[in-house]
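Asks: sequence and predicted structure, then a few things I'm wondering about:
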Amino acid sequence: MKTIPYGHQQIDGSDIASVVRILKSDWITQGPRVEQFEQAIAGYCGVKYAVAFSSGTAALHAAYAAARIGPGDEVITTPMTFAATANAIVYCGGKPVFADIQENTLNISPEAIKKKITKRTKALAPVDFAGHPAELDTIKKIAREHNLLVIEDAAHALGSEYKGKKVGSFSDMTMFSFHPVKAITTGEGGMVVTDRKDFYRTLKAFRNHGLIRKPERGAWYYEIERPGYNYRISDIQCALGLSQFQKLDRFVKTRREIVRRYNQAFRNISEIILPVEKAYARSAYHLYPIRLRLELLKTGRRKIFEALRNKGLGVQVHYIPVHLHPFYKKTFGYKKGDFPIAEQYYERAITLPLFPKMISGEIRAVVRAVREIIARYRR
Ligand SMILES: *Cc1c(COP(=O)(O)O)cnc(C)c1O
């Protein structure tokens, strides 16, 4: 039996042809495809600038660096995210300060953010968990009141909408990831979109060793004002990205259709809580995380997770709360109990397979397996 993974890329003949075309051209890196891909995503999000990177994590690092996060600075973020959101703050010498999540959307709580603001807070870093936008207007308002920047980790949310507008158009800088399980892929890759020219310039220099060209002093001449990294993405990758981008809206539509089928199939299973979508949101549904109501079950999450795996479902858990990783406990003194809503969610969470390439038979297999396993362990 082949396992149905929790996420999977969808690559077709036109994607392959686009990549092959670049391989036969003069530019396999730092050529025209990078900028074309950046312009496509910036246009889609309705912002002026975009800078593509070798990964979403590199893009986040660059965004925090452009925001001038440094030693002693605090960035408020959610514990319910992939570790990269917080790790990249640490790269800059900053301190990730976590604020607990909302029970329903699983996104950072604006009320919890307010309580964490200190004189050292420099930025807020919300994550659009599973594709559902965070409360972006409220978060922006808090940021403006306290003179903070908003750096949004939208790795899950390319194609998501908040109050009818695309994610990417709300925060000072918004990061996307093009890892194969994300909305569209470049193999590895990421991007920051922004409306601010100063950030755009810094991001571009940061991607390429910190190098700033001064053509007035000669065509060869450049200066390093602040060392950057080699975080460049190739034309090969961006050719794939551009080709994938053509299909983004279709991918999102298919994900939403699968979610509709899941919601319909699971609505009467009282032992599980399904993802919610607020009226202001249109989620791109990167993930479909369900929550177990353990009080109605004879066993814990682990047994149910393993039983689903044994049925051929590549279920996952998103995520181990970041503050519970040894590094964060040791370095910043976080401990179990600090963020009870995130921790409670984590102990009950299972992510079911969801990706646009899923065929009807696979969707039915997931539904059947969930029904069967829940029935087996029902109290
Ligand atoms: C995928 C992901 C990242 C990192 O993206 P990469 O492209 O894999 O480096 C960051 N944050 C979140 C929430 C993610 O899901």
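Replies: Yes, it's here. Numbering: from 1, shown residues only.

Asks: start to end distance for stretch 122-134?
Replies: 19 Å (CA to CA, to the nearest Å).

Asks: list the buried residues for that stretch?
Replies: The neighbour-count check on stretch 122-134 (16 or more other CB atoms under 10 Å) flags 122-134 as buried. Just so you know, the C-beta spots here come from the backbone N, C-alpha and C atoms, and that holds for glycine as well.

Asks: and stretch 113-131, how far apart are its ends?
Replies: First-to-last residue span, stretch 113-131, CA to CA: 20 Å.

Asks: er, stretch 322-336 I mean
Replies: End-to-end distance of stretch 322-336 (CA to CA): 11 Å.

Asks: quick one: contacts of that stretch?
Replies: Applying CB atoms under 8 Å, 6 or more residues apart in numbering, the contact partners of stretch 322-336 are 79-81, 83, 85-86, 90, 95-96, 98, 338-339, 343.

Asks: any stretches of the protein with poor pLDDT?
Replies: 1 (pLDDT under 70).

Asks: could you break it into its assigned domains?
Replies: 4-245, 248-377 (automatic domain parsing).

Asks: can you tell me which of the contacts of stretch 322-336 are in helices?
Replies: Among those, the residues falling in helices (DSSP state H) are T85, A86, V90, E343.

Asks: show me what contacts the residue of the chain found nearest the ligand?
Replies: Closest approach between the chain and the ligand, counting by CB to the nearest ligand atom: G56, at 2.6 Å. With contact set as CB under 8 Å, 6+ apart, G56 has these partners: A84, A155, M175, F176, S177, F178, H179, K182, G189, G190.

Asks: C-alpha coordinates for stretch 341-354, CSV please?
Replies: Taking C-alpha atoms only, stretch 341-354 is exported to CSV below (Å, rounded to 0.1, in the frame of the first residue of the first chain):
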residue,chain,number,x,y,z
ILE,A,341,-3.7,27.2,24.1
ALA,A,342,-0.9,26.3,21.7
GLU,A,343,0.2,23.4,23.9
GLN,A,344,-3.4,22.0,24.2
TYR,A,345,-3.8,22.3,20.5
TYR,A,346,-0.5,20.5,19.8
GLU,A,347,-1.5,17.6,22.1
ARG,A,348,-4.6,17.0,20.1
ALA,A,349,-3.5,17.9,16.5
ILE,A,350,-3.3,15.6,13.5
THR,A,351,-2.8,17.0,9.9
LEU,A,352,-4.6,15.0,7.2
PRO,A,353,-3.3,14.7,3.6
LEU,A,354,-4.2,17.7,1.5
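
Asks: can you identify each of the strands in the stretch 251-379 of the chain by residue range?
Replies: Here the stretch 251-379 of the chain has its strands, by DSSP state E, counting those that start in this stretch, at 272-273, 281-282, 288-292, 313-314, 349-352.

Asks: the third one pairs with which strands, and in what direction?
Replies: Spelled out, that is strand 288-292. strand 272-273 (antiparallel), strand 349-352 (antiparallel) (DSSP bridges).

Asks: export those to CSV and tack on mean neighbour count?
Replies: As requested, the strands paired with strand 288-292 are exported to CSV (neighbours: other CB atoms under 10 Å):
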stretch, mean neighbour count
strand 272-273, 18
strand 349-352, 23
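
Asks: could you redo the ones you listed as JSON lines and give each row distance to the ligand?
Replies: Converted to JSON lines, the strands paired with strand 288-292 look like this (distance: least, CB to the nearest ligand atom, whole Å):
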{"stretch": "strand 272-273", "distance to the ligand": "21"}
{"stretch": "strand 349-352", "distance to the ligand": "12"}
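
Asks: could you dump those into a markdown table and include distance to A65?
Replies: Converted to a markdown table, the strands paired with strand 288-292 look like this (distance: least, CB to CB, whole Å):
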| stretch | distance to A65 |
| --- | --- |
| strand 272-273 | 38 |
| strand 349-352 | 31 |
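
Asks: so the closest residue to E223 other than its chain neighbours, which of the three states?
Replies: If the residues on either side of it in the chain are set aside, E223 comes closest to I212, at 5.4 Å by CB to CB, 6 or more residues apart in numbering. At I212 the chain is in strand, as set by DSSP: H, G, I helix; E, B strand; the rest coil.

Asks: with V47 instead?
Replies: Per three-state DSSP, V47 ends up coil.

Asks: need the contact list for it.
Replies: Contacts of V47 (CB under 8 Å, 6+ apart): G168, S169, T174, V193, T194, D195.

Asks: hmm, try it at 10 Å
Replies: Counting by CB atoms under 10 Å, 6 or more residues apart in numbering, V47 makes contact with 41, 166, 168-171, 173-174, 193-196, 200.
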